[in-house]
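A.B. asks: sequence and predicted structure, then a few things I'm wondering about:
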Amino acid sequence: MEIEIITFGKIAEFLANQRMDVGEIRDTDRLKSYLENSFPKLAGMKYKLAVNKNIIQYNEPLSEQDSVAIMPPFSGG
């Protein structure tokens, strides 16, 4: 399965935006594990995922051609 990865902030320094084949990974929990194993710097960071521009709080299913943003902590005002 192919998804688009979009990164921001410090995460973009070691994981560039790209299209990625994630094999049989079909949910965000498994994607996080895959990414943290593939990019060990990510494992030590706090971050949020957004799937198709919606920030997720819990495990969500993934589909072919989804867009997943990996975002470091941020604050607004």
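C.D. replies: The structure has been received and is ready for your questions.
A.B. asks: could you pull out the strands for the chain?
C.D. replies: Secondary structure of the chain, counting by DSSP state E: strands at 2-7, 18-21, 48-51, 54-55, 67-71.
A.B. asks: from the chain's centroid, how far away is the fourth one?
C.D. replies: In this case it means strand 54-55. 11 Å (Cα atoms, centre = their mean, to the nearest Å).
A.B. asks: what about it, average pLDDT?
C.D. replies: Strand 54-55 shows a mean pLDDT of 96.
A.B. asks: longest single helix anywhere in the protein?
C.D. replies: Using DSSP state H to define each element, the chain has its longest helix at helix 28-38.
A.B. asks: which residues of the protein score low on pLDDT?
C.D. replies: Filtered on pLDDT under 70, the chain yields the residue ranges 75-77.
A.B. asks: so which residue is smack in the middle of it?
C.D. replies: Ile70 (4.1 Å; Cα atoms, centre = their mean).
A.B. asks: contacts only, for that residue.
C.D. replies: Contacts for Ile70 were tallied using Cβ atoms under 8 Å, 6 or more residues apart in numbering; they are 5-8, 11, 15, 35, 42, 47-49. Placement of C-beta: from N, CA and C, glycine included.
A.B. asks: try it again with 7 Å
C.D. replies: 5, 7, 11, 15, 47, 49 (Cβ atoms under 7 Å, 6 or more residues apart in numbering).
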